[in-house]
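A.B. asks: Give me coordinates for this.
(one chain, ligands or ions: 1)
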Amino acid sequence: MYAKRVSAIEISGIRKLFEAAGKDSINLGLGQPDFDTPPHIKEAAIEAIREGKTGYTSNAGIEELRAAICEKMRRENQLSYQPDQVIVTAGASEALHVVMQALVEKGDRVVFSDPGFVSYQALAMIAEGRPVPMPLDRTFHIEPERAKELMDGARLFILNSPSNPTGAVEEEETIRAVVEYGEDRGVTVVTDEVYEHFIYEKKHASPARFGENVITINAASKTYAMTGWRIGYLAAQKEVVEQCLKVHQYCQACATSISQYAALAAYAGPQDSVGEMREEYRARRDLLFHGLRELGFEFPIPEGAFYAFVPLGQELTGKVLRKGVVIVPGNAFGKNAPEHARISYAASRQNLKLALARIKEAMGD
Ligand SMILES: Cc1ncc(COP(=O)(O)O)c(C=O)c1O
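C.D. replies: Numbering: from 1, shown residues only. You can find the predicted model right below:
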C-alpha cells in the first residue's frame with residue numbers, strides 16, 4: 001500500500017525521545033543552536049517583506065545570494081565556484097536529498113560514517129540506493145584504508161567533518177586521500193560542512209580543494225543560528241548542478257524568498273556573531289568535558305560541532321533520561337556505538353551544570 005523505500009524507514013529515534021521528555025527536563029538532545037539569529041539578519045528579512053520581495057525567486061536562488069555564497073567559499077574555504085554552480089536549498093537537508101535523487105540509481109552504494117548523521121541512511125533509502133555504514137576508528141575518525149575499500153564500486157561517499165554526533169574533525173590528509181581516491185574510482189564525495197565554524201583546535205579543510213568530483217553542501221542553519229529559516233546550498237561542477245536543479249525545481253521551486261534575503265545579509269555582512277558563538281560553545285564544551293571527566297568518563301575531547309559523544313553505557317543513559325536530562329542514545333546514529341550517548345552543548349552553562357549534577361545522581365542510583 002505504501003512505497004517500501006519509505007515504509008521501511010524508521011522515524012528518527014531523536015524525535016521519539018523529545019516526545020517522551022518530561023516538563024522539567026533539561027534538553028541536551030537538540031541539534032540546533034540555542035542562540036537567536038543575529039539582529040542584522042532579522043532586519044534584512046523584515047526589509048525584504050516591507051519591500052514586497054515575497055514572490056518566487058529563480059529556481060537556483062537569487063543571484064546576489066549565490067554570488068555572496070561563492071565569495072564566502074572563496075574567502076573561507078579557498079574554493080572557486082561561480083554563481084551558476086550553486087543552488088540555494090531549504091537547508092542542508094534538502095541539498096542532501098536533491099543530490100541523492102540526482103545521482104543515486106537503484107541499488108547504488110552510498111557510504112557514510114557509522115555513527116553518523118541520521119539523514120544519510122534514510123535519504124539513500126528514499127533514493128533506492130544501498131546504504132553502506134562505515135565503521136570508524138576508536139576515536140571516531142575515518143580510517144582511510146577502510147574508506148577506500150568501501151569506496152570501491154560505490155556511487156557516493158558522504159563526508160561530515162566536523163561530525164554529528166561524534167564531534168570528530170578529520171585531518172586534511174584523510175580528506176585529501178578520500179577525495180583523490182574518489183576521483184580515481186568515479187565515486188562522488190558529498191561533503192556536509194554545516195558545522196565548519198565550530199572547530200576548537202584543529203582547522204577545517206574543504207574537500208573540494210582536493211578534487212573536482214565533490215559536491216559541497218552547507219547551510220546558514222548552524223553558522224548563523226538560523227535553523228528555522230531553512231537556507232542551505234549545494235555547490236558542484238556545472239553538469240552536476242544542472243541535474244540537481246531539476247529535482248530542486250520540481251520539489252521546492254525555490255528556497256523561501258524572505259529567508260534568502262536574510263541569508264544574503266548573513267553571508268555578506270559582519271561575521272562577529274559566528275566567532276562569539278564559537279567561543280561560547282568552546283567554553284561549554286570545556287565545562288561539559290571536564291565535568292564528565294571528573295565523573296570518571298574517559299573519552300577524547302570533542303573537536304568540533306556542539307556535541308560530546310560519551311561512553312555512558314546503555315543502562316546509565318536510561319537512568320539519565322529518567323532523571324530528566326534528554327540525551328540521545330548512540331543507537332540513534334547507527335549500529336556501531338550503542339554504548340555511547342550524544343550530549344549536545346548547545347545549551348546554557350547553567351543547564352549543563354544542572355545536567356552534570358543529575359548525571360552524577362543517576363550514577364549513584
Ligand atoms: C550533519 C548535519 N547535516 C545536515 C543537517 C541539516 O541541516 P539543515 O537544518 O540546514 O537542513 C544537520 C542538522 O542537524 C546536521 O547535523
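A.B. asks: The closest residue to Glu201 other than its chain neighbours and Asp34, how far apart?
C.D. replies: Computed as Cβ to Cβ, 6 or more residues apart in numbering, the closest residue to Glu201 that is not its neighbour in sequence is Glu303, at 6.4 Å. For the C-beta atoms, the positions are set from N, CA and C on the backbone; glycine is no exception. Glu303 is 21 Å from Asp34, where distance means Cβ to Cβ, to the nearest Å.
A.B. asks: And the two? Which one has more around it.
C.D. replies: For the pair Glu303 and Asp34, the greater number of neighbours falls to Glu303 (22 against 17), based on other Cβ atoms under 10 Å.
A.B. asks: just checking, that one touches Glu171?
C.D. replies: No: with contacts counted by Cβ atoms under 8 Å, Glu303 stays clear of Glu171, the gap being 10.4 Å.
A.B. asks: Quickly list what's touching both of those two.
C.D. replies: Lys202 (Cβ atoms under 8 Å, 6 or more residues apart in numbering).
A.B. asks: related to what we said a few turns ago, dump the residue contacts of the residue nearest to Glu201.
C.D. replies: By Cβ under 8 Å, 6+ apart, the contact list for Glu303 reads 162, 167-169, 199-202.
A.B. asks: Adding neighbour count, pLDDT and distance to the ligand, write the residues you listed out as JSON lines.
C.D. replies: As requested, the contacts of Glu303 are exported to JSON lines (neighbours: other Cβ atoms under 10 Å; pLDDT from 0 to 100; distance: Cβ to the nearest ligand atom, whole Å):
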{"residue": "Pro162", "neighbour count": "27", "pLDDT": "98", "distance to the ligand": "9"}
{"residue": "Gly167", "neighbour count": "28", "pLDDT": "98", "distance to the ligand": "11"}
{"residue": "Ala168", "neighbour count": "26", "pLDDT": "98", "distance to the ligand": "12"}
{"residue": "Val169", "neighbour count": "23", "pLDDT": "98", "distance to the ligand": "13"}
{"residue": "Ile199", "neighbour count": "19", "pLDDT": "98", "distance to the ligand": "14"}
{"residue": "Tyr200", "neighbour count": "18", "pLDDT": "97", "distance to the ligand": "17"}
{"residue": "Glu201", "neighbour count": "9", "pLDDT": "94", "distance to the ligand": "20"}
{"residue": "Lys202", "neighbour count": "15", "pLDDT": "95", "distance to the ligand": "17"}
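A.B. asks: Now that we have those, can you turn them into TSV and tack on secondary structure?
C.D. replies: TSV is the format used below for those (DSSP: H, G, I helix; E, B strand; the rest coil):
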residue	secondary structure
Pro162	coil
Gly167	coil
Ala168	coil
Val169	coil
Ile199	strand
Tyr200	coil
Glu201	coil
Lys202	coil
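A.B. asks: which one of those is nearest Met151?
C.D. replies: Taking Cβ to Cβ as the measure, Met151 sits nearest to Ala168 out of these, at 18.9 Å.
A.B. asks: Give me the spatial nearest neighbour of that closest one, chain neighbours excluded.
C.D. replies: Phe140 (4.6 Å).
A.B. asks: residue closest to the middle of the protein?
C.D. replies: The centre of the chain sits closest to Val194, judged by Cα atoms, centre = their mean, with a distance of 4.7 Å.
A.B. asks: quick one, what contacts it?
C.D. replies: With Cβ under 8 Å, 6+ apart, Val194 has these contacts: 92, 164, 217-219, 221-223, 232.
A.B. asks: near the ligand, anything from stretch 303-311?
C.D. replies: No: Stretch 303-311 lies out of reach of the ligand by Cβ under 6 Å from any ligand atom, never closer than 7.4 Å.
A.B. asks: And that stretch, end to end?
C.D. replies: 16 Å (Cα to Cα, to the nearest Å).
A.B. asks: Could you pull up the residues touching the closest residue to the ligand within the chain?
C.D. replies: Nearest residue of the chain to the ligand (Cβ to the nearest ligand atom) works out as Gly91 at 2.6 Å. Going by Cβ under 8 Å, 6+ apart, Gly91 touches 219, 221, 227, 230-232.
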